[in-house]
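A.B. asks: the sequence and its predicted three-dimensional model are supplied below.
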Amino acid sequence: MTASTPAAGIGASTRRRDGAALLTGRARYVDDYRPHGLHYAAVVRSTVAHGRIRSVDVSGAETAPGVVLVLTGEQAARHAGPIPYFISPATRGGREVDIRCLEPELVTYVGQPVAAVVARSRVEAQSAAAAVRVEYDSLPHVLDADTALLPDSPRVYPDWQDNVVFAKTYGAGDAEEALHGADVVVSGEFRIARSTTAPVEPRGYVASWDATDEALTVHGSCQNPHQLRYMLSASLGLAESAIRVVTAKIGGSFGLKMQGLPEETLVCLLSMLSRRPVKWIEDRRESLMSGAREQIHRIRVGAKADGTITGLVNRIVADAGAMTAQAGWAMCNMSASTFPSGYRVPDCRVELRLVATNKPPLSAARGFGKDAAHFVMERAVDLVARRLALDPGEVRRRNFIRAGEFPYRTATGLNIDSGDFAGLLDKAQAAIDYPAVRELQRRRREQGRPLGVGIAFELTPESSDSPGTFVSGFDTTTVRMSLTGRVTVLTGVTSPGGGNDTGIAQIVGAELGVPVEWIDVVQGDTDRCPTGFGNFSGRSMVVGGGSAALAARDVRATLRTVGARLLERDPEACEVVDGTVRSVSEPDCAVPVPEVAHAVLTRAFAAAAEVEPVLESTRAYKPGNIDHRPDELGRIQPYPTYSSCLHIAVVEVDAETGKVDVVDYAMAHDCGTMINPDLVEGQAWGAITMGIGSALTEQLVFDAGGRLVSDRFKSYLLPRAGDVPEFRLEHQVTPSPFTMHGNKGAGEAGVGGAQAAVANAVEDALAPVGACVRSLPLTPPVVLDLIEEATR
Amino acid sequence: MKTPSATRTTFDYRAPEDLDGLADALGTARGAVSVLGGGTMLVPDISHGTAQPDTVVDLARTGLSGLRRADGEVVVGAMTTYRDLLTTAPAPVPLLRRLAAGVTGGPQIRNRGTVGGSAAFANPSSDVPAALLALRARMRLLSPDGVREVPASDFYTGPFATVRRDDEALIEITLPDPGAASFGYVKFKLSVGSWPIVTATAVAESGGGLRVAVGGAGRVPVAVMLTEPADPADPEWLAHIRERVESELDSVGTWTDELAEGTYRRRIAGTIAARSVAALRGDDERR
Amino acid sequence: MQPIRLTVNGDKHEVTVDPRDLLVYVIRERIGLTGTNVGCLTGDCGACTVTLDGRTAKSCSVLAVTADGSEIRTIEGLASPAGLDPVQEAFWKENGFQCGYCLPGMLLATRELLDEDPDPAEEDITRTIDGNLCRCTGYTTILRAVRTAARRAQHRDERPERP
């Protein structure tokens, strides 16, 4: 092992704190917890897309070997109420239904949980689950959102008037008038197929009910432990104080492991009723059911002859699948409000309808709907460029919000804090050597080999603060020092795999003036950490880091005061640096921090009479630039920071098979100050790859009966190492004026930009035949169809 | 939807240590028998309940691995892994070595996956069956009654279906020694992790003539004989090979699964076949 | 049920298994080494990778009974008492992981590659990693880590020849 001390401090690529545990297999994921007496759960799922449950016959399961409990929806409803919504559609003027851990009556998708089994072993539980016989009275089902909007469509929820979950119009100005006065109007219908997040570790929970203490301990692979505790408390009727939620080491999440899914309540209820610890680990086929995105956009964009975009009208139909208490349904809001992205389009109208269908629900997914806005907006900008025969880079440059115009309020009400979008274009074009790649394209075209270059800008509103939800824009951290100088940081933000604990330790180390090796970070434990909101919306370094800094400063102040007293100096003349309290003017006049800590905590009031012997502080931090007061158009501003990036993809298209290869890729990225560049880059590369996957190969495919057929990694194709080029990544730093460290949310940017860049590149490659890219994913059959259609 | 990972009942497990033991195991096995090779397909299928054997006969200890030359033929043991194909030097069948290098799933799969397993599994999307057809392989099947040989061209009867009986195991594959005969091999996939969508193998046969076998596109692999001169750059010749391949596919039926429709496979099959001929000629730089 | 013998990371174990039992679950739940992960049970993701008689295998696709008598190395057996394996060091240095769930496959496949070829071609590096899914990193840092480990391996091999 290398002996050198890793680099630390804000801005250093400090290597991961948990590296040794992960690299040696010692890290404990949820499936690694095996409490004494552990039993296993298996879930019986609906085999029909729509129907009423006529009967559930559990006799075969109850007598199966090893079985201790079989639970039906009807029985579960006697013990558990509905699951609270993470984001309530009703508070947004939408419709809700009760979501239960086991559906007792009306199933609305294939795969919906209807019964469950607890047995001694995993195999026994699964075998018994297979023996549960459920009979349904089938109802007509609808799998497609456009069809679901037709007046004669089957209704997913029969007591609703139609299938619309939620409808809203966003924007400002007079978009139709702007289009009317435009020199050109381009239009298009764009479809984004259903894909999914697919972390390599599926979801899972281990619930242990202690009947004596009436206390419930839940280990879960989840992002938001405090919200989960509240939701379990509500659905199970337990006091929150009786529940402890511990988020195990998480094997990736990307939004999937936000809360509100039936199995969370279910596994706890099974433990309470069976009086045994119960584990349920999601099977890959179950995991792949969670949708990440599926939308249709019908857009019209007007522009002047010089490429200036003057107006935009977009009608979005978003496919929700069935209803969920998870946050996934709300992603379409951000699809709408992210228009018109980082462009100056004051006249903009976006109409959104979210439609229920008989497919599995959406779960939150990296990008959170913003990805769809970028795919569509960037396609639209390219259509303008093509129509006017202008360079797509130049059209973007002409329309970008200028660097001097921030903060800039968009037509949909977002208040973009800062940025330099043209600067990103310069950096990305330099990284890819834009003139050279255009020259390569020209030569390839002469050889009849299609090569395309796609540009896409991406604006990522981050660190959401959404009124009336569990999505809050602040978080809380405790910093505590022991009498030996060890520091424990307990924070409300969680790390689903990205490693923000390392970044938080860097901030605390820098603020406290101690080496990062002295610092332990505790996350994801409702009994230990202050109430917080966990991980979403690229918030963890902004609010986790900000609150940790405030708490660390408090502790530092106490150390400085007492340290100065021990040194017989004025506290104002002392500083805490490198693990010592020392005189600023006489660096040799110093006392080690552990000695100061010892003095504070053992010689209470003696060393410094006015200082309480507490080396601990709990602080909350909320960035600026959040405003929930609706303006005259009813718009609110829920995002403090706006990261931005510019993608350029280079693709080759095999015109005989339709296969697309991404051969080069550059991204210029701006998330303000980077606390740890390695962590930022890792997130960006991962997000780009996720975007390329959903642009080219990833698609959840259902059969006519609503059954998922792409249900394993042999049919749901994630990118592998050979599918992606090594990415060129350039950084630009325009610090946010509204966050403590100038950082902006990082981690989501990449998905939508990559989808758009790849789509634009494919269309550019096929420009000689005149094909128009209208849908994702661009699988070889789809691309071959595009070519044939254009040449026909 | 099947209950996930439902291994509903247990099975008898037999791991014979030689061919006599294998014949005995096959003869005395209870109920539905699955023959286990490298396990890369069968074991997941058992885990997910899509295979529900009463007896698993494991070939792991039968010693049926490796390649050997005998009487102008090359004999490939059924348990020969892709890794064996890659590391046996000099490669008695260069085409199989090339095929093994392109097997999806990383070294873990190349270490475990076997030629015999893939040949007998008869997945229309797999590389191996079409390559065996191109090489005019013969499949050697062992049962309690003895050994019989079936040409690869007669072995495949449909998707995941062969003439192998439940009391038989594929033990060896024999091939005419290809010597230094040139070949072209092209595999088209949707992405690195995808099953092949269409594979094509072109072999210049010693008696003259060009044999091209196409996998992935049909319900079973197909082969066509083409007469020289073959010129992949000549549009007329391209139309000819396309017509021949499509006609063969139409006679066996195209293969559709969740990755690609049969119509798409048929559309590109001629192109991939032509590319295999170009690869044989050494004049195709692409793929 | 039948008894089998396994040597795991040098320790001998005798366990009784059902023929249905997958090697991955026997390692995780009977032997208690949970560093080997389950991601798909179809042999696609590589998180369950172990070394079986010297060769990497996806242990979700191996029946435990088939492995009777085998020598197995898991991710827990990669480091030595002297410290981390150079492959582990390289992945740490290059940030070649985020959530860490895919590491059994990434590390053991890389170790196997470098044992056979300390100076692997770029194509062989990609083909080695292609058996493992990573959803976090986009693979860039993983490929860097393999190259870094290869450079270290060559450096180590050369050292004895230096004066």
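C.D. replies: Happy to help now that I have it.
A.B. asks: tell me the contacts of the spatially most central residue of chain C?
C.D. replies: For chain C, residue C:108 is the residue whose C-alpha lies nearest the centre (CA atoms, centre = their mean; 2.4 Å). Shown in contact with residue C:108 (CB atoms under 8 Å, 6 or more residues apart in numbering or on different chains): C:49, C:50, C:51, C:56, C:73, C:75, C:78. (Each C-beta comes from the backbone N, C-alpha and C, glycine too.)
A.B. asks: again, only using 6 Å
C.D. replies: Contacts for residue C:108 were tallied using CB atoms under 6 Å, 6 or more residues apart in numbering or on different chains; they are C:49, C:51, C:56.
A.B. asks: sort out for me which of those are in strands.
C.D. replies: With DSSP state E as the criterion, strands contain C:49, C:51, C:56 from among the contacts of residue C:108.
A.B. asks: by neighbours, which of those wins?
C.D. replies: Most neighbours among the ones in strands among the contacts of residue C:108, by other CB atoms under 10 Å in any protein chain shown: residue C:49, with 31 neighbours.
A.B. asks: for that one, give its distance to chain A.
C.D. replies: Between residue C:49 and chain A the computed distance is 11 Å (CB to the nearest CB, to the nearest Å).
A.B. asks: can you tell me how far that residue sits from residue A:344?
C.D. replies: 52 Å (CB to CB, to the nearest Å).
A.B. asks: and the helices in chain B, which stretches?
C.D. replies: Assigned by DSSP state H, the helices in chain B fall at B:19-28, B:42-47, B:82-87, B:94-101, B:106-112, B:115-121, B:128-134, B:152-155, B:235-252, B:262-281.
A.B. asks: show me what the helix ranked longest in chain C is packed up against.
C.D. replies: For chain C, the helix with the greatest residue count under DSSP H is helix C:140-158. Counting contacts by 3 or more CB pairs under 6 Å, 6 or more residues apart in numbering or on different chains; DSSP states H and E, helix C:140-158 is packed against helix C:86-93, helix C:103-116.
A.B. asks: switch the cut-off to 8 Å
C.D. replies: With contacts taken as 3 or more CB pairs under 8 Å, 6 or more residues apart in numbering or on different chains; DSSP states H and E, helix C:140-158 sits against helix A:677-696, helix C:86-93, helix C:103-116, helix C:122-129.
A.B. asks: columns mean pLDDT on top of those, output as a markdown table?
C.D. replies: Compiled in a markdown table, the helices and strands packed on helix C:140-158 are given as follows (pLDDT from 0 to 100):
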| stretch | mean pLDDT |
| --- | --- |
| helix A:677-696 | 97 |
| helix C:86-93 | 98 |
| helix C:103-116 | 98 |
| helix C:122-129 | 97 |
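A.B. asks: okay, those helices, which one's buried deepest?
C.D. replies: Among these, helix A:677-696 has the highest mean neighbour count (mean count of other CB atoms under 10 Å in any protein chain shown), at a mean of 27.
A.B. asks: angle of that helix against helix C:140-158?
C.D. replies: With axes from the mean of the first three to the mean of the last three CA atoms, to 10 degrees applied, the angle from helix A:677-696 to helix C:140-158 works out at 120 degrees.
A.B. asks: re earlier: turn the ones in strands among the contacts of residue C:108 into CSV, including distance to chain B.
C.D. replies: Shown next, in CSV, are the ones in strands among the contacts of residue C:108 (distance: CB to the nearest CB, whole Å):
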residue, distance to chain B
C:49, 6
C:51, 9
C:56, 5
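A.B. asks: name all residues that make contact with residue A:152.
C.D. replies: Residue A:152 neighbours (CB under 8 Å, 6+ apart): none.
A.B. asks: so residue A:607 makes contact with residue A:565?
C.D. replies: Yes: using CB atoms under 8 Å, residue A:607 is in contact with residue A:565, at 5.7 Å.
A.B. asks: so what's the closest residue in space to residue B:76 that isn't next to it in sequence bridging to?
C.D. replies: Distance criterion CB to CB, 6 or more residues apart in numbering or on different chains; nearest residue to residue B:76, sequence neighbours excluded, is residue B:173 at 4.5 Å. Taking DSSP bridges, one finds residue B:76, residue B:139 as the beta-bridge partners of residue B:173.
A.B. asks: wait, isn't residue B:173 in contact with residue B:85?
C.D. replies: No: using CB under 8 Å, residue B:173 makes no contact with residue B:85, being 11.7 Å away.
A.B. asks: need the overlap of contacts for these two.
C.D. replies: With CB under 8 Å, 6+ apart, residue B:173 and residue B:85 have common neighbours residue B:115.
A.B. asks: have a look at these two and say which one is more surrounded.
C.D. replies: residue B:173 (28 against 25).
A.B. asks: which residues does the more buried one contact?
C.D. replies: B:75, B:76, B:78, B:115, B:116, B:119, B:132, B:137, B:138, B:139, B:140, B:152.
A.B. asks: could you rerun that using 10 Å?
C.D. replies: B:67, B:74-78, B:80, B:93, B:96, B:115-116, B:119-120, B:128, B:132, B:135, B:137-140, B:149, B:152, B:155 (CB atoms under 10 Å, 6 or more residues apart in numbering or on different chains).
A.B. asks: kindly report the same for residue B:182.
C.D. replies: Residue B:182 neighbours (CB under 10 Å, 6+ apart): B:94, B:95, B:202, B:203, B:204, B:279, B:280, B:281, B:282.
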